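Engineer: with the input below, show me the fold.
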Amino acid sequence: MTLGALAEDSLARLGDHRSLEVEGRWYTAAELHARAVRLSAGFDVAPGDRVAVCMTNSPEVLLSYAALWRAGAVPTPVISAATAPELRHILVDSGAVAAVASEASLPLVAEAAQGLDVRVVLAGPELLPGADVLMDELESGADGPLVRRDGDDLAALLYTGGTTGRAKGVMLTHAGLSEISRSRAQVFSESGAVDLLLALPLSHVYGLLNSVTRMHMPAPGFVSLQRKFDAAQWLEIAARVRPQAAALVPSMLQLLLRQDLESADLSSLFYVTTGGAPLSVDVREDFERRVGGVRVCDGYGCTEVTSTATMNPYGAPRSGSVGLRLPGVELKVVDELGDAVPVGSDGEVCVRSVGVMAGYWTDGRRDEAATAQAVRDGWMHTGDVGHLDEDGYLYVVDRIKDLIIRGGFNVYPRDVEDVLLSHPTVTSAAVVGRPDPVLGEEVVAWVALATGATTTAEELVEYSRERLGRHKHPREVRIVPAVPLTSVGKTDRKALRAMTTQAGEGSAAG
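Structural biologist: Purely as a prediction, here's the structure:
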């Protein structure tokens, strides 16, 4: 089922009910659907058009997605922490015809869209310089028809570091988003939970999938949406709206553990799902111990498989595991030759399902070469190392590629290295991840300077901060005489990781 049709089916099946809460304001399912139907016409887009959505969590993000799916267009979510050059790259590479901004993100969007044929839609109370039209004005007209799309048509284009190289668009289909969310709803509903506290950014595939999953739930429930995660505020929201479930990434759990959980009212909460980064067994056990009656269930996936491939079942989670494959998902673990390894043996984790991306997107089209490298015979080669036990539970133990996951966001070293190398005194640069107890990994850069240069590590941290999103820029920069290379002249990341471990605390922090 395509996502526009799914929205109509969900409303007809579940009926009108309180479905969304944001900062004390409640929205009903019928109210949101009616607004999305009108907005779908107001956007004035053609089937297949890409529209960038660059806002922190808000009802307008969900309305934009719903309206664009109804119109047959393709939401292109962008994290609000992006810089103007990063957003401009996405606008150009995707061929976006429009971009949706909030009042807070408008300066970023306006700067990125300058000189491009991109209409800027502002979700705000009044028109401001840099915006072309208000979202409220687009909602004021006639209803838009449900545009027919096929299951293999593009439904979302998400930009990610991926597992095969520099940041590029990941093509997700209507069938993939619908079926993976249906399978996820099936596993989720086994807990009996229907009301969800969602702090995940809707611009991230994990947050996006959680929002679509709600349309497949067997009973009506609400989502309480936190605009931006803050641990103390999260506890206040949980006490006020009394959710049964929450979706978090491990770094959020770690930050919650720093709060006075024993004094918080979390009596309604009994189910927490996590993903986006490895979850420490110690963190899970500590959270469950301090919040009595709650069960934390980890899952596994990546953007290229529509976020989720496995989930720990609520009734039978297994410690240290990321769970069982979702219904309709196939898993295998292979060696360097692509042959399946025995149960309990480590190898590369591969996933096959309708949720596997339609391909990578580069320069306005499907990138055939990059796609063929990652997806072979329908199997997505994730670049992650893991093993299956005798009952089919998956354990992820390491990563093959150099991808850094900081707070649930993908950071590809080359993106950071390119920025550092643009500094006039930097002659070489290499970036690796350092384990971090809160964020999963921290970004560490090793650089060599031109002879006689006096640039400091602190200056390079600031230089990177100005040119990269908050989740990307290195908090530690170490200046060395030369970046180590292998015998064939490639960056020796193994040596760098060992050096990073030995070095301890960073030379510069941002």
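
Engineer: what's the closest non-adjacent residue to residue 436?
Structural biologist: What sits nearest to residue 436 in space, not counting adjacent residues and going by CB to CB, 6 or more residues apart in numbering, is residue 442, at 4.2 Å. In this view, the C-beta of every residue, glycine as well, is placed from N, C-alpha and C.

Engineer: helix or strand: which one has the one you found?
Structural biologist: For residue 442, the host element (DSSP states H and E) is strand 440-449.

Engineer: just the buried positions in the next helix or strand after that strand, please.
Structural biologist: Toward the C-terminus, strand 440-449 is succeeded by helix 457-467 as the next helix or strand (DSSP H and E). Buried residues in helix 457-467, counted by 16 or more other CB atoms under 10 Å: 457, 460-461, 463-465, 467.

Engineer: list every C-alpha atom in helix 457-467, with coordinates, as PDB.
Structural biologist: The C-alpha coordinates for helix 457-467 follow below in PDB (Å, rounded to 0.1, in the frame of the first residue of the first chain):
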ATOM      1  CA  ALA A 457      43.800  22.200  17.600                       C
ATOM      2  CA  GLU A 458      41.200  24.600  19.100                       C
ATOM      3  CA  GLU A 459      41.200  26.700  15.900                       C
ATOM      4  CA  LEU A 460      40.700  23.600  13.700                       C
ATOM      5  CA  VAL A 461      37.800  22.500  15.900                       C
ATOM      6  CA  GLU A 462      36.200  25.900  15.500                       C
ATOM      7  CA  TYR A 463      36.900  25.900  11.700                       C
ATOM      8  CA  SER A 464      35.200  22.500  11.400                       C
ATOM      9  CA  ARG A 465      32.300  23.600  13.600                       C
ATOM     10  CA  GLU A 466      31.500  26.400  11.200                       C
ATOM     11  CA  ARG A 467      31.400  24.200   8.100                       C
END
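
Engineer: so what touches that helix?
Structural biologist: 83, 85, 416, 419-420, 422-423, 426, 445, 447, 473-479, 507-510 (CB atoms under 8 Å, 6 or more residues apart in numbering).

Engineer: that helix vs strand 440-449, what angle?
Structural biologist: With axes from the mean of the first three to the mean of the last three CA atoms, to 10 degrees applied, the angle from helix 457-467 to strand 440-449 works out at 110 degrees.

Engineer: and helix 457-467, how far out from the chain's middle?
Structural biologist: 25 Å (CA atoms, centre = their mean, to the nearest Å).

Engineer: try stretch 397-415
Structural biologist: Using CA atoms, centre = their mean, the offset of stretch 397-415 from its chain centre is 13 Å.

Engineer: start to end distance for it?
Structural biologist: Using CA to CA, to the nearest Å, the end-to-end distance of stretch 397-415 comes to 25 Å.

Engineer: quick one: mean pLDDT for that stretch?
Structural biologist: Averaging pLDDT along stretch 397-415 gives 79.

Engineer: in the chain, where is pLDDT below threshold?
Structural biologist: 161-167, 398-400, 486-490, 504-510 (pLDDT under 70).

Engineer: which one in it is furthest away from the centre?
Structural biologist: residue 452 (42.0 Å; CA atoms, centre = their mean).

Engineer: now the strands for the stretch 351-500 of the chain?
Structural biologist: 359-362, 365-367, 375-376, 379-388, 394-399, 404-406, 409-411, 426-436, 440-449, 476-479 (DSSP state E, counting those that start in this stretch).

Engineer: now for those strands, which one comes closest to residue 57?
Structural biologist: strand 409-411 (15.0 Å; CB to CB).

Engineer: in JSON lines, list the strands of the stretch 351-500 of the chain along with mean neighbour count.
Structural biologist: Converted to JSON lines, those look like this (neighbours: other CB atoms under 10 Å):
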{"stretch": "strand 359-362", "mean neighbour count": "22"}
{"stretch": "strand 365-367", "mean neighbour count": "15"}
{"stretch": "strand 375-376", "mean neighbour count": "18"}
{"stretch": "strand 379-388", "mean neighbour count": "21"}
{"stretch": "strand 394-399", "mean neighbour count": "17"}
{"stretch": "strand 404-406", "mean neighbour count": "23"}
{"stretch": "strand 409-411", "mean neighbour count": "24"}
{"stretch": "strand 426-436", "mean neighbour count": "20"}
{"stretch": "strand 440-449", "mean neighbour count": "23"}
{"stretch": "strand 476-479", "mean neighbour count": "21"}
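
Engineer: quick one, which of these is nearest to residue 199?
Structural biologist: Nearest to residue 199 among these is strand 409-411 (14.2 Å), distances taken as CB to CB.

Engineer: what helices and strands are in contact with the closest one?
Structural biologist: Contact partners of strand 409-411 among helices and strands, from 3 or more CB pairs under 8 Å, 6 or more residues apart in numbering; DSSP states H and E: strand 404-406.

Engineer: what is the strand it packs on packed up against?
Structural biologist: Packing partners of strand 404-406 (3+ CB pairs under 8 Å, 6+ apart): strand 409-411, strand 426-436, strand 440-449.

Engineer: sheet partners, orientation included, of that strand?
Structural biologist: Strand 404-406 has its sheet partners listed here by DSSP bridges as strand 409-411 (antiparallel).

Engineer: check this protein for its longest helix and report it.
Structural biologist: helix 174-189 (DSSP state H).

Engineer: just the CA atoms of it, as PDB, please.
Structural biologist: Extracted in PDB, the C-alpha atoms of helix 174-189 (Å, rounded to 0.1, in the frame of the first residue of the first chain):
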ATOM      1  CA  HIS A 174       6.400   3.300  -0.800                       C
ATOM      2  CA  ALA A 175       6.300  -0.500  -0.500                       C
ATOM      3  CA  GLY A 176       9.400  -0.600   1.600                       C
ATOM      4  CA  LEU A 177       8.300   2.100   4.100                       C
ATOM      5  CA  SER A 178       4.800   0.600   4.300                       C
ATOM      6  CA  GLU A 179       5.800  -3.000   4.700                       C
ATOM      7  CA  ILE A 180       8.700  -2.500   7.100                       C
ATOM      8  CA  SER A 181       6.500  -0.300   9.300                       C
ATOM      9  CA  ARG A 182       3.700  -2.900   9.100                       C
ATOM     10  CA  SER A 183       6.100  -5.600  10.300                       C
ATOM     11  CA  ARG A 184       7.400  -3.300  13.000                       C
ATOM     12  CA  ALA A 185       3.900  -2.500  14.200                       C
ATOM     13  CA  GLN A 186       3.200  -6.200  14.400                       C
ATOM     14  CA  VAL A 187       6.200  -6.800  16.700                       C
ATOM     15  CA  PHE A 188       5.500  -3.500  18.700                       C
ATOM     16  CA  SER A 189       1.900  -4.400  19.300                       C
END
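
Engineer: so how far is it from its chain's centroid?
Structural biologist: Taking mean C-alpha positions (CA atoms, centre = their mean), helix 174-189 and its chain are 17 Å apart.

Engineer: list the contacts of the closest residue to residue 155 other than its chain neighbours.
Structural biologist: Sequence neighbours aside, residue 174 is the residue nearest to residue 155 in space, at 4.3 Å (criterion: CB to CB, 6+ apart). Applying CB under 8 Å, 6+ apart to residue 174 gives the contacts 1-3, 69, 149-153, 155.
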